[in-house]
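Trainee: dropping the sequence and predicted coords here.
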Amino acid sequence: MKEGQQLEMFMTGEQYQAMERYVAGQNKDTEHRIASVQRQLNVLLGGGLIEGVHFKNNFTVEENVTETVSLGGRWYDVPEFEAEVTYNKSEGGVFLLYDTVVMEDGVREVVKKSTHFTITSEGKVECYTVVGSYRAVKPETILRKLEDMADVAKEKLKFTNQKDKHYDNAIAKLKLEFPTAVRVEKGSEWVRTHNYRNTYHIDIITVGFEDGSHIQYDVNDFNGEIKIRKVYDVVVESLTLQDKVNNLKARLV
């Protein structure tokens, strides 16, 4: 006699019912998922999307899987217990694929990432990642947006690599101009406006010196032009108002 059969012999009627409810629920869920995935595929393929390019399908179904699970509790009105069950198990699903730029192992490249989506009763697609809102659109619109995202990713990769080159060149020039600097590095700074929503950050290069003085530079993303953004001189900043008046007198009077 198998162990699973032995366990069933020692089950109460309530435990056996809980086990049957679990198995029936899992099988029903798998049936629903099969139908849902088939509908997703029909909608996407009908809209011209190509598997492996615009979406991926890693949905699988394994029949008659035997596992030991924990059942019972308040959902089954019976104390928690373990039981060996056999049911049809489904995993994975269908996901849209969109192009984006990422940095991997120090190399920036365009990769495809997956994202969830849903199909409405009208056969439209809802996907915030691709559409930018929860508005349902036709699959043909999703296809166009995915292709637009691919073009944008390619342009972003080109632009960002160009920008990095400008910053690398700027850092090299500033190191030659300030050989006594203790640091010449790229960083970012938040720009705060009266409207919080318009707050943003910009890339800068900071040249720092041993006494704490530093100079910040802006680098034009398109042509690499270097401009002074801010200067912080420890000596000047430590002057009192009277010191500044005396300096002004010495220079102008």
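Mentor: All right, it came through fine. Since this is a predicted model, take the numbers as computed values, not measurements. Residues are numbered from 1 along each chain as shown.
Trainee: ranges for the helices of the protein?
Mentor: All helices of the chain, identified by DSSP state H, fall at 3-9, 13-46, 128-131, 139-177, 234-237, 241-252.
Trainee: so which of the ones you listed is nearest S70?
Mentor: Closest approach to S70 among these (CB to CB): helix 13-46, 10.1 Å. To be clear about C-beta, it is placed using only N, CA and C from the backbone, and glycine gets the same treatment.
Trainee: from the chain's centroid, how far away is the closest one?
Mentor: In terms of CA atoms, centre = their mean, to the nearest Å, the centre of helix 13-46 is set 30 Å apart from its chain centre.
Trainee: with stretch 140-152 instead?
Mentor: For stretch 140-152 - counting by CA atoms, centre = their mean - the centre lies 18 Å from the chain centre.
Trainee: quick revisit: want to throw the helices of the chain into CSV with mean neighbour count and mean pLDDT?
Mentor: Putting the helices of the chain into CSV (neighbours: other CB atoms under 10 Å; pLDDT from 0 to 100) gives the following:
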stretch, mean neighbour count, mean pLDDT
helix 3-9, 11, 49
helix 13-46, 15, 95
helix 128-131, 16, 97
helix 139-177, 15, 97
helix 234-237, 10, 88
helix 241-252, 9, 86
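Trainee: looking at those helices, which is nearest to V102?
Mentor: helix 139-177 (9.7 Å).
Trainee: mind putting the helices of the chain in JSON lines, distance to G92 included?
Mentor: Shown next, in JSON lines, are those (distance: least, CB to CB, whole Å):
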{"stretch": "helix 3-9", "distance to G92": "27"}
{"stretch": "helix 13-46", "distance to G92": "9"}
{"stretch": "helix 128-131", "distance to G92": "18"}
{"stretch": "helix 139-177", "distance to G92": "20"}
{"stretch": "helix 234-237", "distance to G92": "60"}
{"stretch": "helix 241-252", "distance to G92": "70"}
